[in-house]
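1. Provide a 3D model corresponding to the input given below.
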Amino acid sequence: MLRVGVVGPQSTVERILHIGQGLHLDVIFLTYPYEKVRETEDLIKNNHNKVDFWIFSGRISYNIACKEVKNKEHLIFIDHTEAGIFKGLIEFEYQTSSCFDHFSIDEISKSHLETAFNQLSIKPENIFLKTFSEDTSTKELIRFHHHYWKNGETKGAITCYEEVYLQLKKMGIPSFRISTSDIEIMHTLNILSEKIKTFYFRDSQVAVQVFEMVNLESHFKGSKQTYQLQSMELKLKEILLHLSEHLNGSLIEKGLGRYLIFSSRGDSEREIQKIEETVNKLILESGLKVGVGIGYGETVFSAELNANNALIQSKERVGSIIIVQENGEIVEAESENTETIDFPYFNDKNFRNKLKKAKINIKHYIEIFAFIKKSGVKDFTVKDISIQLSKDERNTRRLIENLCDAGLADCIGLEPYPTRGRPRRIYKLIY
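-> Numbering: from 1, shown residues only. Next up, the predicted model:
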């Protein structure tokens, strides 16, 4: 069952939850109320792994969330209409005995208020409007309303923010809220229901991932290297089998250095980071470029066709995992959690260009990286690398100095207690 996070002021969250439960939607509602709208940022950061869809009480919290979430298809907000303004105006007139004038109001757009008054055929005078965005502070809005009240130019304030409303009430200023109506909430929840149906349909589509080790056969020349080639193929298949398990998929070999995994679109989209990590492992093992294409479709045939088209694009754009959607749209895959990956993406074009400019063979870099990764050390000396990789110390020193020049390694000091001779330099790879 999908989990829907509800974000907004406590009172609005409770109303959304009450109406949502009455609609008997096949979801689990998780509530995330805030006192200040800026808390939305932390609520999203701390809970994005617990929630499949987000529903926001207004546009401002939605705009804040959009800066934190890449997949905006899973976000929806309740956009208030003239009904909320009418509610605020009626309460203002009833409690202040004013005929729709002498008030201050904050709104996200001037057109909302103009549309409301046009429908009422009213042309009010002595009203003071302030528009705002997600970057506007509530203190600024409070100062705006208080200024006109203190000068005797208004009889009250109408605001979209619950926190502004409560603060103005404490200051003794007659205050009224522009809040969403039950009809607006119900309409948004019905849109959410349709989004969820679409999500279920897309989630169950067929996904095919195609992996190709570029020039694998020519990498092993001569009959003596046949066993080495077969040994590497076994290791590559083992890496891909682990990925297939994560994707709940099926691995098929389609010729030398070419493999297919059949799974569902939902599993594929959720495990994009795992696919990137797998590509790194394939490159670490083979030292070759790896083309990756992902195709979605309603049938296995269409998904595989799209995956093959994606692979062609991937090989043309080195460093990209390309996805071809069921409608033929081409997009580049992006992981939402790249900061948790503790190694570089070896297929990345910028990374390869750095090595090429410094005239460093990617296989030599990968050999050093693999040694550091497996041994668990954070720093190393030229001697450490030359011994472990059975390489000439002079050539190893030249390689590491080239890595430093390319900005991929750095000298962080000298050995504190050399046993004999001059202390050796200590280096660290920069990922």
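2. now stretch 270-289 - C-alpha only, CSV.
-> Below are the C-alpha coordinates for stretch 270-289, written out as CSV (Å, rounded to 0.1, in the frame of the first residue of the first chain):
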residue,chain,number,x,y,z
ARG,A,270,13.8,2.5,-7.3
GLU,A,271,17.3,1.0,-7.9
ILE,A,272,18.9,3.5,-10.2
GLN,A,273,21.6,4.1,-7.7
LYS,A,274,22.3,0.3,-7.5
ILE,A,275,22.5,0.2,-11.3
GLU,A,276,25.1,3.0,-11.2
GLU,A,277,27.1,1.1,-8.5
THR,A,278,26.9,-2.0,-10.7
VAL,A,279,28.3,-0.2,-13.7
ASN,A,280,31.2,1.0,-11.5
LYS,A,281,31.9,-2.6,-10.4
LEU,A,282,31.8,-3.8,-14.1
ILE,A,283,34.3,-1.1,-15.0
LEU,A,284,36.5,-1.9,-12.0
GLU,A,285,36.5,-5.6,-13.0
SER,A,286,37.1,-5.2,-16.7
GLY,A,287,38.8,-1.8,-17.1
LEU,A,288,36.5,-1.1,-20.1
LYS,A,289,33.8,1.4,-20.9
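3. for that stretch, buried residues please.
-> Judged by neighbour count (16 or more other C-beta atoms under 10 Å), stretch 270-289 contains these buried residues: 271-289. The C-beta positions use only the backbone N, C-alpha and C, and glycine is treated the same way.
4. how about stretch 64-76?
-> 64-65, 74-76.
5. ditto for stretch 309-316
-> 309-311, 313-315.
6. by pLDDT, give me the weakest of the buried residues of stretch 64-76.
-> In this model, the minimum pLDDT among those belongs to His74 (87).
7. show me what the residue nearest to that one when sequence neighbours are not counted is bridged to.
-> The spatially closest residue to His74, leaving aside those adjacent along the chain, is Phe53, at 5.0 Å (C-beta to C-beta, 6 or more residues apart in numbering). Note on Phe53: beta-bridge partners Val4, judged by DSSP bridges.
8. quick one: contacts for Phe53?
-> 2-5, 27, 74-76, 192, 195-196, 199 (C-beta atoms under 8 Å, 6 or more residues apart in numbering).
9. buried ones from these, can you make that a ChimeraX selection?
-> To isolate the buried ones among those in ChimeraX, judged by 16+ other C-beta under 10 Å, type:
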select :2,4,5,27,74,75,76,192,195,196,199
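10. out of the contacts of Phe53, which are inside helices?
-> When DSSP state H is applied, those are split such that 192, 195-196, 199 fall in helices.
11. pLDDT and distance to Ile44 for the residues you listed - can I get that in a markdown table?
-> Conversion of those to a markdown table gives the following (pLDDT from 0 to 100; distance: C-beta to C-beta, whole Å):
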| residue | pLDDT | distance to Ile44 |
| --- | --- | --- |
| Leu192 | 89 | 17 |
| Lys195 | 84 | 18 |
| Ile196 | 82 | 19 |
| Phe199 | 78 | 19 |
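12. returning to that earlier point: measure the residue nearest to His74 to Glu285 for me?
-> With distances taken as C-beta to C-beta, to the nearest Å, Phe53 is found 38 Å from Glu285.
13. same question, Val210
-> Distance of Val210 to Glu285, computed by C-beta to C-beta: 18 Å.
14. same deal with Glu326?
-> Using C-beta to C-beta, we find Glu326 at a distance of 32 Å from Glu285.
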